[in-house]
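**Q** Here is the input, now give the coordinates:
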Amino acid sequence: MNYQTTDTYRYLIFLEKYLLGDLEKFHRLCDGAELEENESVNSVNTSQQEGVTTTTTTMNPYSFDFMIGKPIISRSTIPHTASLFATIDVLGFLIRSGNDYRGTKNNFAAFFNYLNHQLSPAELSVLVNVFRHGMTHGFFPVLNMEISCHSSNPIEKMFLKTSSGGLVLNVNHLLSVVPRRLRQIIDDESLYSDMEMKFNFLSQIYESNCRNDINDVLSQL
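**A** Below is the predicted model of the structure:
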């Protein structure tokens, strides 16, 4: 099988083009937001933790900074993090064993289970339950946790900590990992036999569950 003729390869190449294009625009938004923050007297909270500067760029609705009226300077952090989560989810499903595509935790574990990127059980639980599920179903991370995408963040750390002891998801780390891992999967010919079966299985599930409803909606237009 020539893997470059598979539906999976076509899908992954299309995914990569859109993801990288969106992330490039995301980076421009972040640069603009940092300039705006530098010009603002009430810039976002920055704290020192063991010599690392952690800048919270998306406050939780109950944070002290938000309650005292510090300005919200948008940089599209949440929707772009959600895009990274969606990429992790589908790639993890394609490369792992089993056909339970709803097994988000297993999908995330499979995605990060390579080289030095295997997550601890606690890290996996927090990433999926607090951040991924919280942001997918409620826009914000649950339990008042926060996320950050800032040029001062160290890309090697998945999680950072605020001066008040809160946990912060470091989006810079995901930005450094997800596109690189996507390209590794695209280039790994050995994965395509299994991925093609999984991809076709998923397509058949959607066809079975959704085609009649799609036709019903089309008939009303």
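**Q** CA only for contacts and neighbour counts going forward, please
**A** Noted.
**Q** how about the strands in the protein?
**A** 46-49, 52-55, 146-148, 159-161, 167-170 (DSSP state E).
**Q** tell me the mean pLDDT over the second one?
**A** The predicted model gives strand 52-55 an average pLDDT of 48.
**Q** Check the first one too.
**A** The average of the pLDDT scores along strand 46-49 is 46.
**Q** Give me the helices and strands touching the longest helix along the chain, please.
**A** For the chain, the helix with the greatest residue count under DSSP state H is helix 7-39. Packing partners of helix 7-39 (3 or more Cα pairs under 8 Å, 6 or more residues apart in numbering; DSSP states H and E): helix 77-95, helix 171-187, helix 192-219.
**Q** In TSV: the ones you listed, plus distance to residue 12.
**A** Formatted as TSV, the helices and strands packed on helix 7-39 follow (distance: least, Cα to Cα, whole Å):
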stretch	distance to residue 12
helix 77-95	9
helix 171-187	7
helix 192-219	11
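**Q** how about stretch 110-129: buried residues?
**A** Buried residues in stretch 110-129, counted by 16 or more other Cα atoms under 10 Å: 110-112, 119, 124-129.
**Q** count of residues packed around residue 195?
**A** Per other Cα atoms under 10 Å, the neighbour tally for residue 195 reads 21.
**Q** what does residue 220 give?
**A** As a burial measure, residue 220 scores 6 neighbours (other Cα under 10 Å).
**Q** Backbone torsions only: list them for it.
**A** Torsion angles at residue 220 (phi, psi; degrees, to the nearest 10) stand at phi -90, psi -10.
**Q** now it: how far from residue 210?
**A** To residue 210, residue 220 is 16 Å away according to Cα to Cα, to the nearest Å.
**Q** Kindly report the same for residue 33.
**A** Note on residue 33: its distance to residue 210, by Cα to Cα, is 40 Å.
**Q** swap in residue 108?
**A** Per Cα to Cα, residue 108 is found 26 Å from residue 210.
**Q** the more surrounded of the two?
**A** Legend: neighbour count by other Cα under 10 Å for residue 108 and residue 210, higher for residue 108 (26 against 11).
**Q** wouldn't the more buried one be in contact with residue 84 here?
**A** No - checked against Cα atoms under 8 Å, the pair residue 108 and residue 84 is beyond contact range at 11.2 Å.
**Q** Where does pLDDT dip in the protein?
**A** Applying pLDDT under 70 to the chain flags residues 39-67, 69, 115-116.
**Q** give me that answer again for 50
**A** 41-54 (pLDDT under 50).
**Q** how far away is the closest residue to residue 85 other than its chain neighbours from residue 141?
**A** Counting by Cα to Cα, 6 or more residues apart in numbering, residue 132 is the residue found nearest to residue 85 once chain neighbours are left out, at 6.6 Å. Separation of residue 132 from residue 141 (Cα to Cα) stands at 7 Å.
**Q** Kindly report the same for residue 10.
**A** Using Cα to Cα, we find residue 10 at a distance of 33 Å from residue 141.
**Q** again, but for residue 210
**A** For residue 210, the distance to residue 141 - Cα to Cα - is 30 Å.
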